[in-house]
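1. okay, here's the prediction I keep looking at, along with the sequence it came from:
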Amino acid sequence: MLSPSRTVSGAVKAVAGALLLTFAAFIFAALPAAAHAVLLGTDPGDGAVLDSPPDTVTLTFNENVAVPPNGVTVLDATGDAVQSNAISIDASVAVTFESGLSDGTYIVNWRVISADSHPISGAFTFSVGAPSDTVADVAPPAAAPGTEALTVGTQAVMYLGGLTAAGLVFFHFFVTALTRGGMRTMRWAAVAAACGMIAYVPAAYVWQNGLGLTSVFTWDAIRDSFHTAGSFSAASIAAMLGILGFAGAVTATSVASRSPGRVLAAIACGGAGLALGSLVLTGHTRTFGPPVVLLTSDAVHVTAAALWLGGLIGLALVLRTGERGAAAAVVRFSSIAAAVLAASAITGIVMAWLILDSLQALTGTRYGVTLMVKAGAVAVVVLLAAWNRWKLVPTVGSRPDSLRRLRRIVGAEAVLLLGVASVTAFLVSQSPTTVPRDETGQYSVSLGEATLDAHVSPLRVGINAFEFTMRDEDGQAIDAVSEPDLRVFMPDPGIGPLSPSVTQTGLGQYEAVLDLPLPGEWEITVSARLSRFDNPVATVTVEVAE
């Protein structure tokens, strides 16, 4: 017959496996893309036809952005680059040209870095004089394969090593002295965290700037990632603070293990706190408000996580040695575990409430799904902790097998929390805001005996793209005899008609830019003369969100 502890350990493995499978299924499913910054509009608008060439092309975002080197490229209709310069001014990007633009269509490919360090990209077109007959098919800029995974991997090493090392420092001074194995684990964890911090800087730089994966090994990328435009980058400053903190914490703890003292304890704990604080300097808490509340909550949350993870690892190492003080260490750690758990839960809820813009974001973004997976894993650890606290800890000292059973469960808790730390590394690389530009609508309505296939994006208040194709009964694209007439209405409260201009982009293919100022139901009416006597009208009804 299996012992209760073996049964619980088996259940832990099963639950952990289920959580990982759920995590993978959601993450690799077709969830909406996420990014913090959102493009609000461009001037000229997408698809606009100008009488004269513009002096400046402007992109406007919902927050401050930065333009990486070669972040904006302007191409002519043949795909050749046009000499241009791009600068970011707060929430806008201004693109100027070294010489005047000729008539024809131009493609603007852009890539910017949002305030929370996430890169976003896109493309739009405009024409001078008249659209070009043919336009090169140019894909918008995208991150090189593997660069985001490398960034997440370095963050995972940083979090796993950092939380473990700092937690073991706290364990040494607040619970019981670390064993030799505990000291070795603390040192190697600190080394791993330092390596992760150093590697993260160029990895994040390559990802943000859309460079190839091999660029991370080039001197130019390494140099620019640490020191750009005469100053150190935020990521490099965080890495330096973290390494300095771990160096002080590990050194002071090692010395204190031989010659205890309050000064050494203060240096060690202060260094661990500095190292943990460096983890807060990057991520979403820098860009959501109120900043003081979020940064404080994040710092407390990370510290609580370190105390919990380091405490469990330290406890597992102490229990493995079977030292005399093991029972006392268990009782002492149990007394502070409740406070640590409460601090972690409260700050986690506060941050989720302030960062997520809606409950739908919990299932509609990778950030929200990852957060739920993390919460599920933590819930399992809490159940194990409750089992320990109320079932096993009271029997320590009275039953010979209590420490052995406790060691098994504590080890399972530690493994689960290491998994939580890994999930956290992925969590901080995701953004909680769904990009509204990715929301589109497909429609097909009758146009007399023909058919009108329409596509509207992003179905949000503001600038929207309306593209439509007219097809005959055989499904072949057909041109209108004259330019189709477009009218846009909002029946309630009676807005319109708006009369946007229509641009032909191909055989039977047309596009227009719609500026929809209010959320709700809009009607888009297309009137097209298909022959001398045939002028059918089609109406597309769309629902526009805020």
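-> Cool, got the structure.
2. tell me which residues touch the nearest residue to G248 once chain neighbours are set aside, please.
-> Once flanking residues are discounted, G248 sits nearest to G271: 3.3 Å by Cβ to Cβ, 6 or more residues apart in numbering. Quick note: C-beta positions are derived from backbone N, CA and C, even for glycine. Neighbour list for G271: 169, 244-250, 252 [criterion: Cβ atoms under 8 Å, 6 or more residues apart in numbering].
3. recalculate using a threshold of 10 Å.
-> Residues near G271 by Cβ atoms under 10 Å, 6 or more residues apart in numbering: 166, 169, 190, 244-253.
4. what residue ranges in the stretch 51-200 of the chain score low on pLDDT?
-> Residue ranges of the stretch 51-200 of the chain with pLDDT under 70: 116, 137-144.
5. so where do the strands sit in it?
-> Here the stretch 51-200 of the chain has its strands, by DSSP state E, counting those that start in this stretch, at 56-61, 65-66, 72-76, 81-82, 84-89, 92-97, 104-114, 119-128.
6. reformat the ones you listed as JSON lines; add mean neighbour count and distance to A377.
-> Shown next, in JSON lines, are those (neighbours: other Cβ atoms under 10 Å; distance: least, Cβ to Cβ, whole Å):
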{"stretch": "strand 56-61", "mean neighbour count": "18", "distance to A377": "35"}
{"stretch": "strand 65-66", "mean neighbour count": "20", "distance to A377": "34"}
{"stretch": "strand 72-76", "mean neighbour count": "19", "distance to A377": "41"}
{"stretch": "strand 81-82", "mean neighbour count": "14", "distance to A377": "48"}
{"stretch": "strand 84-89", "mean neighbour count": "15", "distance to A377": "39"}
{"stretch": "strand 92-97", "mean neighbour count": "18", "distance to A377": "40"}
{"stretch": "strand 104-114", "mean neighbour count": "22", "distance to A377": "28"}
{"stretch": "strand 119-128", "mean neighbour count": "21", "distance to A377": "28"}
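7. ok, back up a step: now a PyMOL select for only the buried ones of the contacts of G271.
-> Selection of the buried residues among the contacts of G271 in PyMOL, burial being defined by 16 or more other Cβ atoms under 10 Å:
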select buried, resi 166+169+190+245+246+248+249+250+251+252+253
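8. of the contacts of G271, closest to S422?
-> The shortest gap between S422 and any of the contacts of G271 belongs to A166, at 16.6 Å (Cβ to Cβ).
9. list the residues that contact that closest one.
-> By Cβ under 10 Å, 6+ apart, the neighbours of A166 are 186, 189-190, 193, 242, 245-246, 249-250, 268-269, 271-276, 279, 302-303, 305-307, 309-310.
10. go on, S499?
-> 485-488, 512 are the contacts of S499 under Cβ under 10 Å, 6+ apart.
11. can you give me phi and psi for the residue nearest to G248?
-> phi -60, psi -40 (degrees, to the nearest 10).
12. now do the one 3 residues further on
-> Dihedral pair for L274: phi -60, psi -40, per degrees, to the nearest 10.
13. which residues are in contact with the closest residue to it other than its chain neighbours?
-> Using Cβ to Cβ, 6+ apart and skipping residues adjacent in sequence, the residue nearest L274 is G245, 3.3 Å away. Neighbouring residues of G245 by Cβ under 10 Å, 6+ apart: 162, 165-166, 190, 193-194, 270-278.
14. returning to that earlier point: need the strands of the stretch 51-200 of the chain in CSV (columns: distance to E467).
-> CSV is the format used below for the strands of the stretch 51-200 of the chain (distance: least, Cβ to Cβ, whole Å):
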stretch, distance to E467
strand 56-61, 21
strand 65-66, 27
strand 72-76, 20
strand 81-82, 25
strand 84-89, 26
strand 92-97, 24
strand 104-114, 15
strand 119-128, 12
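15. out of these, nearest to K374?
-> strand 104-114 (22.6 Å).
16. output the closest one as CSV, nothing but the C-alphas.
-> Taking Å, rounded to 0.1, in the frame of the first residue of the first chain, the C-alpha atoms of strand 104-114 are listed here in CSV:
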residue,chain,number,x,y,z
GLY,A,104,3.4,56.4,-57.4
THR,A,105,2.8,54.1,-54.4
TYR,A,106,5.1,53.9,-51.3
ILE,A,107,5.3,51.3,-48.6
VAL,A,108,6.2,52.3,-45.1
ASN,A,109,7.6,49.4,-43.0
TRP,A,110,7.9,50.3,-39.3
ARG,A,111,9.2,48.7,-36.1
VAL,A,112,9.2,50.5,-32.8
ILE,A,113,9.9,49.6,-29.2
SER,A,114,7.1,50.3,-26.7
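17. the inter-axis angle of that strand versus strand 56-61?
-> Here the directions of strand 104-114 and strand 56-61 differ by 40 degrees (axes from the mean of the first three to the mean of the last three Cα atoms, to 10 degrees).
18. give the buried residues for stretch 463-474.
-> 463-471.
19. from those, pick the one nearest L213.
-> A465 (32.7 Å).
20. measure how far the strand or helix carrying that closest one is from the centre of its chain, please.
-> A465 is located in strand 462-471, with elements delineated by DSSP states H and E. On the basis of Cα atoms, centre = their mean, to the nearest Å, strand 462-471 sits 30 Å off its chain's mean C-alpha point.
21. which other helices and strands does that strand contact?
-> strand 39-43, strand 441-447, strand 450-457, strand 485-490, strand 503-506, strand 509-516, strand 520-527, strand 537-544 (3 or more Cβ pairs under 10 Å, 6 or more residues apart in numbering; DSSP states H and E).
22. mind listing what F170 touches?
-> 249, 253, 268-269, 272-273, 276, 303, 306-308, 310-311, 314, 336, 340.
23. one more time with 8 Å, if that's ok
-> Contacts of F170 by Cβ under 8 Å, 6+ apart are 269, 272, 306-307, 310-311.
24. mind checking the end-to-end distance for stretch 82-100?
-> End-to-end distance of stretch 82-100 (Cα to Cα, to the nearest Å): 10 Å.
25. before we move on, what about stretch 96-113?
-> Taking Cα to Cα, stretch 96-113 runs 19 Å from one end to the other.
26. where along the chain do the helices fall?
-> 4-27, 147-174, 180-208, 219-226, 234-256, 262-280, 291-321, 326-355, 361-364, 366-387, 402-429 (DSSP state H).
27. what angle separates the second one from strand 119-128?
-> Our comparison of helix 147-174 with strand 119-128, counting by the same axes, to 10 degrees, yields an angle of 150 degrees.
28. list the buried ones in helix 147-174?
-> 147-148, 150-173.
29. with the longest one instead?
-> Along helix 291-321, the positions that meet the burial threshold by neighbour count (16+ other Cβ under 10 Å) are 294-295, 297-320.
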